[in-house]
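Student: got a predicted model here, sequence first, then my questions.
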Amino acid sequence: MAAPASGDTEAAAHEFTADHRRRRRRLALAAIAAGVVLVAAYVALLHLPPRLADSAERAGADCRTSIYNSGLGDPDACRKAPALGGVLAADRARAAEVTWENDYRTTWLAVDLAAFRDLDGARRDALLRRLLVLARGHTDSFVMPELAAMSVGARAVVVEAARAPRGADIEVGITPLWSAGIEAALVLGDLDAVAAIAATIPDSQAIVRRSLLCLVGKGECAPVDRAGEHEGAVAAALEVVDRGGSDEQVLAPLVGDGVGWSGQFDQVHPGAPYRVSPELAERLAAALLARAWPVPPAPSGRRKPGPPVAPPAAQATLVRVAWVLHIDAAYARSVLGDVAGAREAFARADALAARSDLPAPLPVESMARLRRLADPEGAAAWLDARLAVTPDHRELLVERMLARLDRGDLDGARAALPPRPAGDCDGACEALEWVRLALAVSAGDRAGLEALASGPSPTPDGESGEESWWCGRLEDGEARALIVHAINGGAAERAKVRWWCQSTWADDPRSGLDLAVRLVALGALAADGDVEVYLDTQLSGQGARALQLARERAATWRGDAAAAKVWRERRERVEAALRAHPELYPRAEALGL
């Protein structure tokens, strides 16, 4: 075979070299392109986790807002987590933060849904305990699981949190957790829990700590500090009496411009007594009456002349304050278990009001509320006698119906109910209408409820999500109409109103509306589940005994003997502790009793 020519060999070599170079160039370009792609992918990968975290945060917030505004849906769908954690430590931390915050906020929403919509106490408490675990180690301002428990009335969980290590160091808003825990424990009648939490109260509140430990028999019962209490005002007035001061000086701690509204001793605050020890109140009442009607000197002249008769205006104030003190003493004796002493004090108040030489009439009707709460049996006869004289007195009519309800006389209460008034409705009339609603609910009177549902049901007219504020702005008649329409509607309608209004109808004890009446009316909104779970959300901030009594009476009226027994036993435990230490009565309100 002939050898190839040298020129052919050179051409082939040249072609091979050129082809090799082309391949290398293509590979280099491909490598550069791949590098660009990899760099772009890496850059995108760095930016993707933050975007995914932001997206998960928005999705969780939008989900919760939708459920909050409608009260519908499953909150577990809002537990959004970023799909990718990220490469950088900061991205992983951000993803974990979003996951935790969605979980925490969703769990809080689920707590509210369990309490208001679903009426599921066991789920409510389980979720709250999960919320407490989630909150560990987090100090953000919105992380207040104890507030969640307080807002739905989960008192057992509040007590657990307050008894936990460092519970005494936690503040819920402006309220120390130990204070909320004491309040919850007293309402539950759990005196062991009161003792455990009281022992952790800081030295800045040593008087409260000492008083609570005394109450539950776990500490020394030192003298009560009366400074700033109503008891202190009465003691100050007695000091002026003892040193022979003027009427104006005696009355200065009790009435007038220098005394706050709640401390004015010339009026009766329905349902909110002054909490003065009965012995001190009765001693001052006697001293004031001695000034209003001085005893004339004996004919023999052996006795010194008494003080001059007070001017008419001062005399009227002296008499009125003395009368109020007799009433307050009667209530105090009742709370402390001295029913006979309470009736004697009321008799003294009645005798004073019946005097023919009064400088001004006394508003005896204003004592009806305290009289009924202090002595239901005695109040019934007193109310009948008063109404025989003034049969159309609305406040007394309300009290007589409530007295009959408290004795279990539902038929008698219904018989005492006057016809619905025509025209405008004043405060006493509104109270009557609430009682009318409570009576219809207690009796299961569908016809009566239908009659109360005159006119359309109010509906929110503001922006979505503002329903809870809207409920709080309703007038009494509108609130009753909303409740009645919900009662007459289906379960979905009742759940909607419970969710809308949540705890906006908590009552002020000085407003004049009986607490149990409100609880009976609201309890009808929870007819589809556990009424007690819903009522736990109402009337927060009341004294333990007042709330226990209201819950007991409401349960009795609606025929729930088991719930009434629970609340009666809780109340009796607290009352027994207070009656064992009557010196603490002046501090009862400050101690949460």
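Tutor: Structure's in. What do you need? Numbers count the residues shown, from 1 in each chain.
Student: tell me which stretches of the stretch 401-550 of the chain form strands.
Tutor: Read by DSSP state E, counting those that start in this stretch, the stretch 401-550 of the chain holds no strands at all.
Student: could you point out where it is predicted with low confidence?
Tutor: Low-confidence segments of the stretch 401-550 of the chain (pLDDT under 70): 423-424, 426-427, 453-456, 460-470, 472-473, 503-513, 540-541.
Student: all helices of it, in order?
Tutor: Using DSSP state H, counting those that start in this stretch, the helices of the stretch 401-550 of the chain run over residues 410-415, 427-443, 446-452, 467-472, 476-488, 491-501, 515-523, 531-535, 544-557.
Student: repeat that for the stretch 251-400 of the chain.
Tutor: Applying DSSP H, counting those that start in this stretch to the stretch 251-400 of the chain gives helices spanning 278-292, 312-335, 339-353, 368-374, 376-389, 394-406.
Student: out of those, which gets nearest to Gly73?
Tutor: Nearest to Gly73 among the helices of the stretch 251-400 of the chain is helix 394-406 (39.9 Å), distances taken as CB to CB. (Glycine included, C-beta is placed from N, CA and C.)
Student: and the angle for the closest one with helix 427-443?
Tutor: Counting by axes from the mean of the first three to the mean of the last three CA atoms, to 10 degrees, helix 394-406 lies at 20 degrees to helix 427-443.
Student: other residues contacting helix 394-406?
Tutor: Applying CB atoms under 8 Å, 6 or more residues apart in numbering, the contact partners of helix 394-406 are 365-366, 368-369, 371-372, 376, 379-380, 383-384, 386-387, 390, 410, 412-413, 416-418, 428-429, 431-432, 435, 439, 442, 514, 516-517, 553, 556-557.
Student: would you mark the buried spots in it?
Tutor: 394-406 (16 or more other CB atoms under 10 Å).
Student: chain center to it: distance?
Tutor: Chain-centre distance of helix 394-406: 25 Å, with CA atoms, centre = their mean, to the nearest Å.
Student: next, the angle helix 376-389 makes with that helix.
Tutor: Going by the same axes, to 10 degrees, helix 394-406 makes 140 degrees with helix 376-389.
Student: hey, C-alpha coordinates of helix 394-406 in PDB?
Tutor: Output of helix 394-406 as PDB, limited to C-alpha atoms (Å, rounded to 0.1, in the frame of the first residue of the first chain):
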ATOM      1  CA  ARG A 394     -90.700  49.300  89.100                       C
ATOM      2  CA  GLU A 395     -87.500  48.800  91.200                       C
ATOM      3  CA  LEU A 396     -89.500  47.100  93.900                       C
ATOM      4  CA  LEU A 397     -91.300  45.000  91.300                       C
ATOM      5  CA  VAL A 398     -88.000  43.800  89.900                       C
ATOM      6  CA  GLU A 399     -86.700  42.900  93.400                       C
ATOM      7  CA  ARG A 400     -89.900  41.000  94.300                       C
ATOM      8  CA  MET A 401     -89.700  38.900  91.200                       C
ATOM      9  CA  LEU A 402     -86.000  38.200  91.900                       C
ATOM     10  CA  ALA A 403     -86.800  37.300  95.500                       C
ATOM     11  CA  ARG A 404     -89.400  34.800  94.300                       C
ATOM     12  CA  LEU A 405     -87.000  33.400  91.700                       C
ATOM     13  CA  ASP A 406     -84.400  32.900  94.400                       C
END
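Student: that helix vs helix 544-557, what angle?
Tutor: 70 degrees.
Student: between helix 394-406 and helix 515-523, how many degrees?
Tutor: Put simply, helix 394-406 runs at 70 degrees to helix 515-523, going by the same axes, to 10 degrees.
Student: from Leu370, how far off is Ala285?
Tutor: 15 Å (CB to CB, to the nearest Å).
Student: quick one, which of these two is more surrounded?
Tutor: Ala285 (26 against 22; other CB atoms under 10 Å).
Student: what's the more buried one in contact with, if anything?
Tutor: Ala285 neighbours (CB under 8 Å, 6+ apart): 321-323, 325-326, 329, 348.
Student: if we can go back for a sec, could you point out which of the helices of the stretch 251-400 of the chain sits nearest Arg136?
Tutor: Counting by CB to CB, and looking across all of these, nearest comes helix 312-335 at 41.5 Å.
Student: run the chain-centre distance for that closest one.
Tutor: 30 Å.
Student: please pull out the lowest mean pLDDT helix or strand from this structure.
Tutor: helix 467-472 (a mean of 60; mean pLDDT, DSSP states H and E).
Student: what about the stretch 251-400 of the chain, any weak spots by pLDDT?
Tutor: Short version for the stretch 251-400 of the chain, where the test is pLDDT under 70: 256-272, 295-312.
Student: try 90
Tutor: 251-277, 281, 287-325, 327-328, 331-332, 334-335, 337, 339, 346, 349-400 (pLDDT under 90).
Student: now, which of the contacts of Ala285 sits nearest Ala564?
Tutor: Nearest to Ala564 out of the contacts of Ala285 is Ala329 (CB to CB; 29.3 Å).
Student: from Arg545, how far out is that closest one?
Tutor: To Arg545, Ala329 is 18 Å away according to CB to CB.
Student: what about those two, which has more around it?
Tutor: When Ala329 and Arg545 are compared for neighbours, Ala329 comes out ahead with 29 against 19, by other CB under 10 Å.
Student: buried ones only from the contacts of helix 394-406, please, as a ChimeraX command.
Tutor: Filtering these down to the buried ones (16+ other CB under 10 Å) takes a single ChimeraX command:
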select :365,366,368,369,371,372,376,379,380,383,386,387,410,413,416,417,428,429,431,432,435,439,442,514,516,517,553,556,557
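Student: and the gap between Gln315 and Leu289?
Tutor: 10 Å.
Student: quick one: contacts for Val520?
Tutor: Taking CB under 8 Å, 6+ apart, one finds 438, 441-442, 554, 557-558 in contact with Val520.
Student: once you drop chain neighbours, what's closest to it?
Tutor: Ala438 (4.1 Å; CB to CB, 6 or more residues apart in numbering).
Student: pLDDT wise, what is Leu84 at?
Tutor: Predicted confidence (pLDDT) for Leu84: 52.
Student: how much space between Leu247 and Ala285?
Tutor: For the record, residue 247 is Asp, not Leu. 15 Å.
Student: need the three-state assignment for the residue lying closest to Gly529 once chain neighbours are set aside.
Tutor: Nearest residue to Gly529, sequence neighbours excluded (CB to CB, 6+ apart): Leu119, at 3.1 Å. Taken by DSSP: H, G, I helix; E, B strand; the rest coil, the conformation at Leu119 corresponds to coil.
Student: hmm, Asp530 and Leu119 touching each other?
Tutor: Yes - in terms of CB atoms under 8 Å, Leu119 counts as a neighbour of Asp530; the distance is 4.8 Å.
Student: those two: which is more packed in?
Tutor: Higher neighbour count among Leu119 and Asp530: Leu119, with 22 against 16, using other CB under 10 Å.
Student: which one of the buried residues of helix 394-406 is nearest to Ala185?
Tutor: Using CB to CB, Asp406 comes nearest to Ala185 of the buried residues of helix 394-406, at 26.7 Å.
Student: how near is the closest one to Ala524?
Tutor: The value you get for Asp406 to Ala524, if CB to CB is used, is 19 Å.
Student: so how many other residues sit close to Gly489?
Tutor: Neighbours of Gly489 (other CB under 10 Å): 14.
Student: sweet, I'm off.
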